[in-house]
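**Q** The amino acid sequence is not available; the structure is as follows:
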């Protein structure tokens, strides 16, 4: 990892969400306003109950104030169930029209013991192209 690597973490209901974003220069084309970012998410269940990730809701904002929201079932086609101490990891991506932006949101989890629904916060994280860091 370089010194530019930042992992963003948030804890809600003893579910730890960690995100590692990365600019993807080989997939981007700044000349036409195409900036592609990947982000790796690690979800850890530190509860003493089994939980299931039901859905996601993302807020995506870029530096030219284009804002959008994305919602849907699960993540990358999965609705993982996590036993106490388990974790689930995935990588996804996001296009922006500018070299700087941010994402944040929530996952909806179900406590499989009680049926209670939990809104678990995804930490806000920055999306910054490499050339903006120089």
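**A** Nice, I can see it. Treat the numbers as computed from the prediction; the structure is a model and nothing was measured.
**Q** Quote the end-to-end distance of stretch 22-31.
**A** 19 Å (CA to CA, to the nearest Å).
**Q** Repeat that for stretch 105-125.
**A** For stretch 105-125, the end-to-end distance is 10 Å (CA to CA).
**Q** Now name the helix or strand holding the residue lying closest to residue 103 once chain neighbours are set aside.
**A** In space, and not counting its chain neighbours, residue 103 is closest to residue 60: 5.2 Å by CB to CB, 6 or more residues apart in numbering. (Each C-beta comes from the backbone N, C-alpha and C, glycine too.) Using DSSP states H and E, residue 60 maps to strand 51-62.
**Q** quick one, strands of the protein?
**A** With DSSP state E as the criterion, the chain has strands at 8-12, 15-23, 35-45, 51-62, 67-73, 81-82, 87-96, 100-111, 117-128.
**Q** Mind listing residues that contact the fifth one?
**A** Applying CB atoms under 8 Å, 6 or more residues apart in numbering, the external contacts of strand 67-73 come out as 54, 55, 56, 57, 58, 59, 60, 61, 79.
**Q** ok, now the shortest one?
**A** Contact with strand 81-82 is made by 43, 44, 45, 50, 51, 52, 53, 88, 112, as judged by CB under 8 Å, 6+ apart.
**Q** for the protein, which spans come out with low pLDDT?
**A** Across the chain, the ranges flagged by pLDDT under 70 are 1-4, 131-134.
**Q** how does it look with 50?
**A** 1-3, 133-134 (pLDDT under 50).
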